[in-house]
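K.L.:
Quick one, structure for this:
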Amino acid sequence: MLQRRVVGLVGTGHVGVAAAYALFIKGLASELILIDKDSRRAEGEAMDLMHGQSLVGSMTVRAGTYADLKEAQIVIISAGVAQRPGESRLALLNRNAEVFREIIGELDRHAPNAILIVATNPVDILTYVAQELSRRPAEHIIGTGTLLDTARFRALLGQYYGVDPRSVHAYILGEHGDSEVAIWSQVAIGGQRILDRTVLGRPFDRERMQQIFEKARRAAYAIIERKGYTNTAIGVVIARLVEAILDDEKKRAARERAPQWRVRHSGRVPEHSLRDRPAGHRRPGAPRAGSGRTGRPAPLGRNPPAVAACAFAVAVHRKPGTFEEKREFLRKQSTPS
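P.N.:
Predicted coordinates:
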């Protein structure tokens, strides 16, 4: 890591600790500074993480104050009162707005150039509150939004279709809360849209799909009812946002967008791509997907069927079953409609 990356985290409660742990495991920063009103708790969490360095790599984790954040590129705000069982995220607003007034004032004073990531609920409104309270540009303050809801949605869809959730492309938009919506027209598995189609042997069942969405939407309430709080998944979400910002991944978005073209004969996936090999493995001597006869990769926009075929092959590769079962499944899916 050539650039020295400093990340601050305000609030070492359940969510803050989960975020710190995810950042530490992924090794995303050179230095992680933990801030909490209970300074001894922050010190204890920092000490606990530091003891794992020999297993994950060198990374400085320490407790500090707002004054220590002057070099921070990103500051995560996870401080605030916790959501009570049965309490809506909007009901948290008045209890957390005053907490934010103090935090934003300190961050403007000591870390005016840092990008702020808000994770405290109700996250959408508190992100707006932070933008209104802060003197920094509004675009330098972002919330976790519906990224957690989207992750839950994809995980449940992957479970239903029997595929790795990373092969599922779906989005929850709107409020991180009860009014969020699923964009069904954009749900795809390996480039195959599922709306009113049979994908991976499962027809699109509107009632079952609505149940999956409701399970994702109500997930926080179900988890809080059982363990009292949610923290681990949102911690991973926060780490992913930090990674995207520090690596300036906006230029990669177009390349990572799921292809939406239908697989036809012209994009048939060769059988060898379905064998039990690690994702991304290519048979020695075989041309790259979309290369034609020359062996040179073709621009993605000029060969959409091949791109869709490759994406679909990954989804099928991750699908449980023998090679023969996968081959027969692909043969049926490749038949023109």
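K.L.:
can we go C-alpha only for contacts and neighbour counts from here?
P.N.:
Will do.
K.L.:
how about the nearest residue to the residue positioned nearest the centre of the chain, chain neighbours excluded?
P.N.:
When the chain is reduced to its mean C-alpha position, the nearest residue by Cα atoms, centre = their mean turns out to be Val237, at 4.8 Å. Distances taken as Cα to Cα, 6 or more residues apart in numbering put Leu148 closest to Val237, at 6.3 Å, once the chain neighbours are dropped.
K.L.:
In this structure that neighbour contacts Ile234, no?
P.N.:
Yes - with the criterion set as Cα atoms under 8 Å, Leu148 and Ile234 qualify as a contacting pair; they are 6.1 Å apart.
K.L.:
quick one on the thing from earlier: quick check: which element contains the residue nearest to the centre of the chain?
P.N.:
Taking DSSP states H and E as the definition, one finds Val237 inside helix 232-246.
K.L.:
now the helices for the stretch 151-300 of the chain?
P.N.:
Taking DSSP state H, counting those that start in this stretch as the criterion, the stretch 151-300 of the chain carries its helices at 206-217, 219-227, 232-246, 253-256.
K.L.:
can you pull the buried residues of the second one?
P.N.:
Yep, that's helix 219-227 we're talking about. With burial defined by 16 or more other Cα atoms under 10 Å, the residues of helix 219-227 counted as buried are 219-222, 224.
K.L.:
For Arg5, list the residues it contacts.
P.N.:
Contact analysis of Arg5 by Cα atoms under 8 Å, 6 or more residues apart in numbering lists 28-31, 72-73, 246.
K.L.:
Would you map the strands across the stretch 51-200 of the chain?
P.N.:
For the stretch 51-200 of the chain, applying DSSP state E, counting those that start in this stretch gives strands covering 60-63, 74-77, 115-118, 141-143, 168-169, 172-173, 181-182, 188-189, 192-193.
K.L.:
Redo the ones you listed as JSON lines? Include mean pLDDT and mean neighbour count.
P.N.:
Formatted as JSON lines, the entries for these read as follows, by pLDDT from 0 to 100; neighbours: other Cα atoms under 10 Å:
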{"stretch": "strand 60-63", "mean pLDDT": "95", "mean neighbour count": "20"}
{"stretch": "strand 74-77", "mean pLDDT": "96", "mean neighbour count": "24"}
{"stretch": "strand 115-118", "mean pLDDT": "96", "mean neighbour count": "24"}
{"stretch": "strand 141-143", "mean pLDDT": "95", "mean neighbour count": "22"}
{"stretch": "strand 168-169", "mean pLDDT": "92", "mean neighbour count": "24"}
{"stretch": "strand 172-173", "mean pLDDT": "91", "mean neighbour count": "20"}
{"stretch": "strand 181-182", "mean pLDDT": "90", "mean neighbour count": "19"}
{"stretch": "strand 188-189", "mean pLDDT": "92", "mean neighbour count": "26"}
{"stretch": "strand 192-193", "mean pLDDT": "90", "mean neighbour count": "24"}
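K.L.:
Need those in a markdown table (columns: distance to Phe100).
P.N.:
Below are the strands of the stretch 51-200 of the chain laid out as a markdown table (distance: least, Cα to Cα, whole Å):
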| stretch | distance to Phe100 |
| --- | --- |
| strand 60-63 | 20 |
| strand 74-77 | 9 |
| strand 115-118 | 10 |
| strand 141-143 | 13 |
| strand 168-169 | 34 |
| strand 172-173 | 25 |
| strand 181-182 | 28 |
| strand 188-189 | 38 |
| strand 192-193 | 42 |
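K.L.:
Report the helix or strand with the lowest average pLDDT across this protein.
P.N.:
Least confident helix or strand of the chain, by mean pLDDT, DSSP states H and E, is helix 253-256 with a mean of 44.
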